[in-house]
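# Sequence first, then the predicted structure, then my questions.
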Amino acid sequence: MKLVHTARHPAEAHLVKGMLEAEGIRASVLGDQLYGAYGELPVLPTVWVLDNALAAHADGLVVDFLRGGAARRHGHDRWTCTHCGENLEGQFTDCWKCGATRPSTSQSART
């Protein structure tokens, strides 16, 4: 395992983990259960890549993600959930309202 990110809080750690897993990189969050002791203990949640060979690629993805790369690339690609009809911004891969996964480009071209 290789450390790729030290988060400011558990939510950030889990967002980074989810982004890495969406890119096909298995990751784990450690220390998120200890965050409640922050201030008394010097513990912040960390994100670890399980395959050391993917660590350098993961580092680049994390930096891009935290700088808003996904929002800039996909923010203008708004989409409508085919399940509930909710309008969503392009950087979201799942509907926040019903949880349905965004259809692939080839599927949405058919509808």
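The structure has been received and is ready for your questions.

# Next, the residue most central in space within the chain: phi, psi?
In the chain, the centroid-proximal residue (CA atoms, centre = their mean) is M19; its distance is 2.6 Å. Per-residue torsions, M19: phi -60, psi -40 (degrees, to the nearest 10).

# Can you tell me the closest non-neighbouring residue to it?
F65 (5.1 Å; CB to CB, 6 or more residues apart in numbering). C-beta: built from backbone N, CA, C; applies to glycine.

# from memory the residue nearest to the centre of the chain sits against V63, does it?
No. Between M19 and V63 there is no contact under CB atoms under 8 Å: 11.5 Å.

# sorry, back to before: give me every residue that touches the residue nearest to M19.
Counting by CB atoms under 8 Å, 6 or more residues apart in numbering, F65 makes contact with L15, V16, M19.

# got the residues you listed as TSV, with distance to V43 columns?
Listed next are the contacts of F65 as TSV, based on distance: CB to CB, whole Å:
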residue	distance to V43
L15	19
V16	17
M19	22
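
# just those residues now: which is nearest S104?
M19 (18.3 Å; CB to CB).

# Contact partners for that closest one?
Contacts of M19 by CB under 8 Å, 6+ apart are L61, V62, F65, A70.

# 10 Å instead, please
I25, A27, V47, A58, L61, V62, D64, F65, L66, A70, T93 (CB atoms under 10 Å, 6 or more residues apart in numbering).

# Quick check: which element contains W48?
Assigned by DSSP states H and E, W48 falls within strand 46-49.

# quick one on the thing from earlier: send the alpha carbons of the helix or strand containing the residue nearest to M19 over as PDB?
Assigned by DSSP H and E, F65 belongs to helix 55-66. Below are the C-alpha coordinates for helix 55-66, written out as PDB (Å, rounded to 0.1, in the frame of the first residue of the first chain):
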ATOM      1  CA  ALA A  55       0.700   5.200  -6.900                       C
ATOM      2  CA  ALA A  56       2.200   7.800  -9.300                       C
ATOM      3  CA  HIS A  57      -0.800   7.700 -11.600                       C
ATOM      4  CA  ALA A  58      -3.100   8.000  -8.500                       C
ATOM      5  CA  ASP A  59      -1.100  11.000  -7.300                       C
ATOM      6  CA  GLY A  60      -1.700  12.800 -10.500                       C
ATOM      7  CA  LEU A  61      -5.400  12.000 -10.400                       C
ATOM      8  CA  VAL A  62      -5.800  13.200  -6.800                       C
ATOM      9  CA  VAL A  63      -4.100  16.500  -7.600                       C
ATOM     10  CA  ASP A  64      -6.300  17.100 -10.700                       C
ATOM     11  CA  PHE A  65      -9.400  16.100  -8.700                       C
ATOM     12  CA  LEU A  66      -8.600  18.500  -5.800                       C
END
